[in-house]
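**Student:** Next one to model:
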Amino acid sequence: MKLLILGGTQFLGRHVVQIALERGHQVTTFNRGKTNDALFQQVEKLYGDRNGNLTALKGQTWDAVIDTCGYVPRIVRDSVELLKDSVGHYTFISTISVYADFSKPNMDETADVSVLEDQTVEEVNGETYGGLKALCEQAAESVMPGRVLNVRAGLIVGPNDPTDRFTYWVHRIAAGGDVLAPDNPEYLVQFIDVRDLAAWCINMAERQQGGTFNATGPDYRLSIGTMLSACQDLTQSNAHLVWMNSDFLLENEAQPWSELPLWIPSQMATHAAMNQINISKAIGAGLTFRPLNETLSATWEWDRTRLGDYVLRAGLTREKETTLLNKWSALS
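**Tutor:** Residues are numbered from 1 along each chain as shown. Presented below is the predicted three-dimensional model:
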């Protein structure tokens, strides 16, 4: 299969390229050439900017394209318009953040998506991200009806993750000592290994499968307590988990998701079930998941290759964690 990857050098795109090459596909990447350009010297590399410079994409054909870096509807539409006669199938990597309300668990692909009051806005931030991704999905489908796969991914984790949201937990548990843990050990979490998501997207492109799918995991109920215990076992850490309730954490300005990744308190009613998305449709279409320990191990191995003074982009600072631990201990 001739496969075009929009992006292809940072995280999900990087793993898509790697797996596609391992399967013997002919891969072309299109990006600005600013991130990890030394990767994949064996692939055809096209350079440009999706915001106004798509010239390099003209005059070629591919069996399928996987768009890993579309955030603005106008820019996605321009890409799809240019490629609609050059590709047979278009995969758009979207997000579960497109949904308008996460108050109820087990939400499937038929749930309402966010609608932006101003649909011309192009600034991507926490308030607009989901609505813009929903408009991107609609733009792609309107140009290539029936030939678009919209992948509503959950938190993507694993090696090379630039956000550090999942890596924080592996890194922090490995460091040992008292570790602040949010809510309670039974709190449910969802995420998907980047390699599982990449492989499934390629599978779907090979089959030219269209439609919209929630794509997170795993395929069983996973608690944060089980996940953190697995981190302890893997790293042989002496970490001691100190569980703090949501009321205390919110009162002391611990930030859900960013400072305490995967945690969304019940007080955030419209987001409370964001870790309980229905993924049965994707599983029925062949989405599979590697064991948790494989994801943790690969993440930890990659994290240890980084420089010792690297500062994680997510998670509590040690100073703030210590302050919260001391406050919590004083209440006991």
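**Student:** ok, the nearest residue to residue 208 once chain neighbours are set aside - contacts?
**Tutor:** Once flanking residues are discounted, residue 208 sits nearest to residue 89: 4.6 Å by C-beta to C-beta, 6 or more residues apart in numbering. C-beta coordinates here come from the backbone N, C-alpha and C atoms, glycine included. Each residue near residue 89 by C-beta atoms under 8 Å, 6 or more residues apart in numbering is listed here: 63-65, 147-149, 205, 208-210.
**Student:** hmm, try it at 7 Å
**Tutor:** By C-beta atoms under 7 Å, 6 or more residues apart in numbering, the contact set of residue 89 is 63-64, 147, 205, 208.
**Student:** From those, keep the buried residues only.
**Tutor:** For these, a neighbour count by 16 or more other C-beta atoms under 10 Å gives the buried set as 63-64, 147, 205.
**Student:** I'd like these laid out as a markdown table, including distance to residue 107, secondary structure and pLDDT.
**Tutor:** Formatted as a markdown table, the entries for the buried ones among the contacts of residue 89 read as follows, by distance: C-beta to C-beta, whole Å; DSSP: H, G, I helix; E, B strand; the rest coil; pLDDT from 0 to 100:
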| residue | distance to residue 107 | secondary structure | pLDDT |
| --- | --- | --- | --- |
| 63 | 33 | strand | 98 |
| 64 | 28 | strand | 98 |
| 147 | 26 | coil | 98 |
| 205 | 26 | helix | 98 |
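**Student:** quick one: which helix or strand includes the residue nearest to residue 257 when sequence neighbours are not counted?
**Tutor:** What sits nearest to residue 257 in space, not counting adjacent residues and going by C-beta to C-beta, 6+ apart, is residue 264, at 6.2 Å. In this assignment (DSSP states H and E), residue 264 forms part of neither any helix nor any strand.
**Student:** Strands of the stretch 51-200 of the chain, residue ranges please.
**Tutor:** Shown for the stretch 51-200 of the chain, the strands assigned by DSSP state E, counting those that start in this stretch span residues 62-67, 87-95, 148-153, 156-157, 178-182, 188-189, 192-193.
**Student:** what pairs with the fourth one, and is each one parallel or antiparallel?
**Tutor:** Paired neighbours of strand 156-157 in the sheet (DSSP bridges): strand 192-193 (parallel).
**Student:** Can you list the neighbours in contact with the partner strand?
**Tutor:** By C-beta under 7 Å, 6+ apart, the surrounding residues in contact with strand 192-193 are 153-154, 156-158, 215-217, 289-290, 295.
**Student:** Tell me the buried residues within those.
**Tutor:** Neighbour-count burial (16+ other C-beta under 10 Å) is assigned, among these, to 153-154, 156-158, 215-217, 289, 295.
**Student:** Send over stretch 112-123 as CSV, restricted to the C-alpha atoms.
**Tutor:** What follows is stretch 112-123, C-alpha atoms only, in CSV (Å, rounded to 0.1, in the frame of the first residue of the first chain):
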residue,chain,number,x,y,z
ASP,A,112,-23.7,14.8,20.7
VAL,A,113,-20.5,16.7,19.8
SER,A,114,-19.5,20.1,20.9
VAL,A,115,-20.7,23.1,18.9
LEU,A,116,-18.6,26.2,18.9
GLU,A,117,-20.5,29.5,19.2
ASP,A,118,-18.1,31.0,16.7
GLN,A,119,-17.3,28.4,14.1
THR,A,120,-14.7,30.6,12.4
VAL,A,121,-12.4,30.6,15.4
GLU,A,122,-9.0,29.1,14.7
GLU,A,123,-7.2,29.4,18.1
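**Student:** what comes up buried for it?
**Tutor:** By neighbour count with 16+ other C-beta under 10 Å, stretch 112-123 contains the buried residues 113-114, 121.
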